[in-house]
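[1] Pasting the sequence and the predicted coordinates here, then a few questions.
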Amino acid sequence: MAFTVVDHILYNDGKPVSQKPTPNRGGVITPSLLVIHYTAGFTAQSAISTLINKSVQASAHLVIDRDGSVTQLAPFNIKTWHAGQSSWKGRKMCNGFSIGFEHVNCGPVLERGDGKLISEVAPSKVMPPSDCVRAHHQNGEKTPFWQIYPQAQVDASAEIAKAVCAAYGIKDIAGHYDIAPRRKRDPGPAWPMASYQSRVLGRK
Ligand SMILES: [Zn+2]
């Protein structure tokens, strides 16, 4: 896996990654921030079909699956609609200056009365304990468990982020929870933010 960015398109080992253009896009941007998200779902296919659906009015630049496979929905220099009402270092409406990576992950996991772990977004879905981690969210909420991010997914995301941040001179990586803390809790505490930032940016 060797990622590069050519004309705002992501390439892996010399070939463009899978492209699924979204209609949910704006004009040209100069990105200076990378925003990390989870999809609050279970498959890349469901996330992609949502984010290319015009009526949903939401999108992102990439969807990164749990096995590390990646789909690009818009060129990196085009505004996508991933952040919503948000601010970073005093600048509002982060879509106008950021790139959004979505990671397939269902987020919060609750403990049922019988001790089974269930997904908050799909309570009928029993989660294997090996797919969950006990972790506390930085916003102080009491959700006991979160779905893990597989190493293959984190590794692919980090390698992609290195290429993207180098291509645009990006020096900041934030979670959606950082730029919209009252509304959003993704990517949640299971995302290894500190090690990811230092791996991608070489600091922090
Ligand atoms: Zn988000």
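    Perfect, thanks for sending it. Numbering: from 1, shown residues only.

[2] Which residues of the protein lie near the ion?
    His37, His176, Asp186 (CB under 5 Å from the ion). Where C-beta positions appear, they are placed from N, C-alpha and C, glycine not excepted.

[3] Now with 8 Å, please.
    Val35, His37, Tyr38, His82, Ala83, Gly100, Glu102, His176, Ala180, Lys184, Asp186, Pro187 (CB under 8 Å from the ion).

[4] Return the entry from these with the maximum number of neighbours.
    Tallying neighbours with other CB atoms under 10 Å puts Glu102 at the head of the residues of the chain next to the ion, with 32 neighbours.

[5] Go ahead and confirm that one touches Ser46.
    No: using CB atoms under 8 Å, Glu102 makes no contact with Ser46, being 11.4 Å away.

[6] Could you name every residue contacting both of the two?
    Common contact partners of Glu102 and Ser46 (CB atoms under 8 Å, 6 or more residues apart in numbering): Thr39.

[7] what's the distance between Leu33 and the ion?
    13 Å (CB to the ion, to the nearest Å).

[8] That residue pairs with what?
    Per DSSP bridges, the residues bridged to Leu33 are Ser98.

[9] so who does it touch?
    Counting by CB under 8 Å, 6+ apart, Leu33 makes contact with Trp88, Cys94, Phe97, Ser98, Ile99, Ile170, Asp172, Ile173, Ala174.

[10] Most neighbours among those residues, which one?
    Ranked by neighbours (other CB under 10 Å), these are led by Ile99, which has 30 neighbours.

[11] For the chain, just list every one of the helices.
    44-51, 151-168, 176-179, 193-201 (DSSP state H).

[12] Among the ones you listed, which comes closest to Lys142?
    Closest to Lys142 of the helices of the chain, according to CB to CB: helix 176-179, at 15.5 Å.

[13] Can you list the neighbours in contact with that closest one?
    Taking CB under 8 Å, 6+ apart as the rule, helix 176-179 contacts 35-37, 82-83, 86-88, 94, 98, 137-139, 184-188.

[14] Check the gap between the residue of the chain positioned farthest from its centre and the ion for me.
    Residue farthest from the centre of the chain, counting by CA atoms, centre = their mean, is Asp114 at 31.9 Å. Relative to the ion, Asp114 is positioned 31 Å away (CB to the ion).

[15] do Leu34 as well
    In terms of CB to the ion, Leu34 sits 13 Å off from the ion.

[16] contacting residues for that residue?
    Per CB under 8 Å, 6+ apart, neighbours of Leu34: Ser98, Ile99, Phe101, Ala161, Val164, Cys165, Ile170, Asp172, Ile173, Ala174, Val200.
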